[in-house]
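Asker: Structure for this input, please:
(one chain, ligands or ions: 1)
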Amino acid sequence: MTSQELTEQIFKKKSFLCVGLDTDPDRIPTYLLSEEDPVFSFNKAIIDATHEFCVAYKPNIAFYEAVGIDGWKALKKTIDYLHTEYPEIYTIADAKRGDIGNTSRMYAKAFFNDLGFDSVTVAPYMGKDSVEPFLEFTNKHTILLALTSNEGAFDFQTLETDGEELYRKVMKTSKNWKNAKNLMYVVGATKAEFLGEIRKLIPESFLLVPGVGAQGGSLEEVCKYGMTKNVGLLVNSSRKIIYASDSSNFAEIAGAKAEALQKQMAQELEKL
Ligand SMILES: O=c1ccn([C@@H]2O[C@H](COP(=O)(O)O)[C@@H](O)[C@H]2O)c(=O)[nH]1
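Answerer: Take a look at the predicted model:
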């Protein structure tokens, strides 16, 4: 999917919500555990109940890897289900990959070609040749970790190097990489106060903003400082939506949580 198509979906649905599919077998309703594929059954129910309120889903790959081969199968079934039933939905593999170029190319093939995700999160630490193999794919996005939502972001990302904070250097430098038009960036909702300055550096780029909900980030603040005339935001919430209830109507409750966020987003979009 292109950035323009994503933007069109955002205006059509009046939503820039990304629902995080961080599906942990220990947290899903126990009655689902007797199903053939509990993780897929959970995801399918969540997707069916939330799809009209969001434009993207973000499975965090760790949750699938953690349960081995069954996890990969559930991930594949989930992404295939999205492609078949809701092809207008944008998909993000939150995998945080990146290696020497030869190996990054294999990661890119896995997430873009085999699984068919629209985008993948990538760590910038190994530099240009570790990221450019992801950027070669047409109509696919590479979402570079810039200023993450966790406390540890202050350990390295905000350290000054050559008089500039590292996350700013990542944004500035990556703009010059081959196929940089395919880049998006992760900025945590818990770091909303940085967004004004970030927008001066990357005025047009899409930002994936995790941290609204369980991590306490404010949607209002994110929009105030980070929204552009084309929106330019995908705001993720995972646990607060998918684990809002563990009873038999868990999907309905998740749908209501997603709808509540969508309504706030619609109000923010009216300000444009
Ligand atoms: O800076 C980052 C980058 C990624 N994440 C991921 O997003 C979700 C957030 O889940 P919540 O339950 O809404 O807190 C999760 O998959 C993280 O690994 C992030 O939180 N911050």
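Asker: Contact residues of this protein facing the ligand?
Answerer: Contact residues (CB under 6 Å from any ligand atom) of the chain with the ligand: 20, 22, 60, 94, 148-149, 186, 188, 210-211, 213-215, 236-239. Quick note: C-beta positions are derived from backbone N, CA and C, even for glycine.
Asker: Of those, grab the buried ones for PyMOL.
Answerer: Remark: buried members of the residues of the chain next to the ligand, expressed as a PyMOL selection using 16 or more other CB atoms under 10 Å:
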select buried, resi 20+22+60+94+148+149+186+188+210+211+213+215+236+237+238
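Asker: Cross-reference the residues of the chain next to the ligand with the helices and report the matches.
Answerer: Arg239 (DSSP state H).
Asker: Not counting sequence-adjacent ones, nearest residue to Asp94?
Answerer: Closest residue to Asp94 apart from its sequence neighbours, by CB to CB, 6 or more residues apart in numbering: Asn60 at 4.4 Å.
Asker: ok, the one you found - contacts?
Answerer: Listed by CB atoms under 8 Å, 6 or more residues apart in numbering, the contact set of Asn60 reads 20-22, 94, 238.
Asker: low-scoring pLDDT stretches of the stretch 1-150 of the chain, where are they?
Answerer: Applying pLDDT under 70 to the stretch 1-150 of the chain flags no residue at all.
Asker: Smallest gap between it and the ligand, at which residue?
Answerer: Thr148 (3.1 Å; CB to the nearest ligand atom).
Asker: Report the contact partners of the residue nearest to that residue when sequence neighbours are not counted.
Answerer: Nearest residue to Thr148 in three dimensions, chain neighbours excluded: Gly188, at 5.3 Å (CB to CB, 6+ apart). Going by CB under 8 Å, 6+ apart, Gly188 touches 147-150, 153, 209-211, 215, 217.
Asker: re earlier: look up phi and psi at the residue of the stretch 1-150 of the chain closest to the ligand.
Answerer: Torsion angles at Thr148 (phi, psi; degrees, to the nearest 10) stand at phi -80, psi 170.
Asker: do Ile28 as well
Answerer: phi -80, psi 160.
Asker: what sits against it?
Answerer: 38-39, 42, 246, 250.
Asker: Of those residues, grab the buried ones for PyMOL.
Answerer: Here is the PyMOL command that selects the buried residues among the contacts of Ile28 (16+ other CB under 10 Å):
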select buried, resi 38+39+42+250
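Asker: wait, which of the contacts of Ile28 is closest to Thr173?
Answerer: Val39 (38.1 Å; CB to CB).
Asker: hang on, that closest one in a strand?
Answerer: No - when DSSP: H, G, I helix; E, B strand; the rest coil is applied, Val39 is found to be helix, with no strand at that position.
Asker: thinking it is in contact with Asp26, fair?
Answerer: No - here Val39 does not reach Asp26: they are 11.2 Å apart, not a contact under CB atoms under 8 Å.
Asker: Which other helices and strands does the longest helix anywhere in the chain contact?
Answerer: Secondary structure of the chain per DSSP H: the longest helix is helix 250-270. Helices and strands touching helix 250-270, as assessed by 3 or more CB pairs under 8 Å, 6 or more residues apart in numbering; DSSP states H and E, comprise helix 3-13, strand 17-21, helix 38-50, helix 219-226, strand 233-237, helix 239-242.
Asker: And that helix, what's buried?
Answerer: Result for helix 250-270 [16+ other CB under 10 Å]: buried residues 250-251, 253-259, 261-262, 264-265, 268-269.
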